[in-house]
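Q: based on what follows, work out the 3D shape:
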Amino acid sequence: MAYTARQLITKSYYLSGIVARRLQSVSGNQLSDGLDLLNDLLAVKTVDQRLIPYYREYALTAVIGQEKYFIADLIAVETFTFNIGSVRYSTTPASRKQYFGTGRVDTIQSLPYNWHIERKLGGSDLYIYFLPNTNYPMKIWGKFGLTEVADENVDLSLTYDKFYIEYLRYALAEYICADYNIMFQPQSAQKLKELEYTLIDLSPKDLTLQKFSTLQSDTGVNYADVNLGRGWRPA
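A: The predicted structure follows:
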């Protein structure tokens with residue numbers, strides 16, 4: 001069943017108490033203000049990625065010799081892999097200090113081995129090293145920013161599950177109250193907290209423990225580093 005942005009905004013105004021249910025309607029400036037506040041809310045969700053429960057796959061192709069790739073709306077990366085034929089290889093994430101602050105030869109072209117993500121306006125820059133020596137198919141599993149709602153007739157049910165729309169109803173009602181400089185009702189505020197706790201636990205970051213040999217410093221690439229040494233490693 002369709003659930004439009006107009007319905008969400010209207011029900012959020014009712015929940016806020018600013019508009020009386022069955023006695024008043026939401027239209028005109030209230031509707032346009034509600035749409036603006038909804039888009040502000042969706043934008044803020046990109047800061048606290050824990051409240052975005054959706055992961056998705058993003059495919060791209062390596063460019064020979066290219067280190068940096070801009071990916072629109074990307075806010076967090078869970079995994080990054082590349083393929084040689086039908087075989088998929090893992091890579092190793094590096095912190096900002098590790099990636100940009102340690103010694104290395106910058107111009108080596110070989111197997112993508114390390115990667116680092118930097119948030120940028122409108123998305124993130126993906127950095128990879130070694131520089132690709134061929135056009136490897138690459139895949140990211142990560143979280144992306146929530147899509148801005150163009151108008152009040154957009155069907156939100158095509159993008160979000162019903163439980164997430166319910167969360168947005170409470171979150172938007174709180175935004176509306178703040179915009180009108182009035183208090184959000186305590187029982188509604190408590191319900192919003194409960195929904196937030198549920199979302200944080202719904203799709204958390206994978207913190208599965210892994211055991212490695214004491215003689216092994218990382219786990220990226222391998223398969224004898226793709227047939228013995230094509231992705232040679234400096235000491």
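Q: going forward, measure contacts between C-alpha atoms and count neighbours the same way
A: Noted.
Q: can you pull the pLDDT of Tyr223?
A: On pLDDT, Tyr223 comes in at 41.
Q: ok so Glu152 is a helix residue?
A: No. Assessed with DSSP: H, G, I helix; E, B strand; the rest coil, Glu152 is coil; it does not lie in a helix.
Q: any idea how far Thr134 lies from Leu74?
A: The gap separating Thr134 from Leu74 is 24 Å, by C-alpha to C-alpha, to the nearest Å.
Q: wait, Ile64
A: For Ile64, the distance to Leu74 - C-alpha to C-alpha - is 22 Å.
Q: picking that back up, neighbour-wise, which of Thr134 and Leu74 wins?
A: Leu74 (25 against 16; other C-alpha atoms under 10 Å).
Q: hmm, the more buried one is touching Trp141, no?
A: No. Proximity of Leu74 to Trp141 does not meet the contact threshold set by C-alpha atoms under 8 Å, at 10.0 Å.
Q: listing partners with orientation, what would you give for the longest strand anywhere in the chain?
A: Across the chain, the longest stretch assigned as strand under DSSP state E is strand 74-84. Strand 74-84 sits in its sheet next to strand 87-90 (antiparallel), strand 137-144 (antiparallel), going by DSSP bridges.
Q: tell me if Arg22 really is in a helix.
A: No. Assessed by three-state DSSP, Arg22 does not belong to a helix; its assignment is coil.
Q: may I have the phi/psi pair for it?
A: phi 70, psi 0 (degrees, to the nearest 10).
Q: try the one 4 residues further on
A: Here the main-chain torsion angles of Val26 (degrees, to the nearest 10) amount to phi -100, psi 120.
Q: which residues of this structure fall in strands?
A: Counting by DSSP E, the strands of the chain are 56-61, 68-72, 74-84, 87-90, 92-93, 109-110, 114-120, 123-129, 131-132, 137-144.
Q: my read is that Glu152 contacts Thr4, right?
A: Yes. Taking C-alpha under 8 Å as the definition, Glu152 is a contact partner of Thr4 at 6.6 Å.
Q: if we can go back for a sec, which stretch among the strands paired with strand 74-84 is buried most, on average?
A: Among the strands paired with strand 74-84, strand 137-144 has the highest mean neighbour count (mean count of other C-alpha atoms under 10 Å), at a mean of 19.
Q: partner residues bridging the most centrally placed residue in the chain?
A: Centroid check for the chain by C-alpha atoms, centre = their mean gives Lys143 as the closest residue, at 2.4 Å. Lys143 forms beta bridges with Ala76, as assigned by DSSP bridges.
Q: now do it against Leu74, distance only.
A: Going from Lys143 to Leu74 by C-alpha to C-alpha gives 6 Å.
Q: what's the burial count for Tyr58?
A: For Tyr58, the neighbour count with other C-alpha under 10 Å is 15.
Q: may I have the residues that are in contact with it?
A: 139-142 (C-alpha atoms under 8 Å, 6 or more residues apart in numbering).
Q: need those residues in JSON lines (columns: distance to Leu38 and pLDDT).
A: What follows is the contacts of Tyr58, written out as JSON lines (distance: C-alpha to C-alpha, whole Å; pLDDT from 0 to 100):
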{"residue": "Lys139", "distance to Leu38": "31", "pLDDT": "98"}
{"residue": "Ile140", "distance to Leu38": "28", "pLDDT": "97"}
{"residue": "Trp141", "distance to Leu38": "26", "pLDDT": "96"}
{"residue": "Gly142", "distance to Leu38": "23", "pLDDT": "95"}
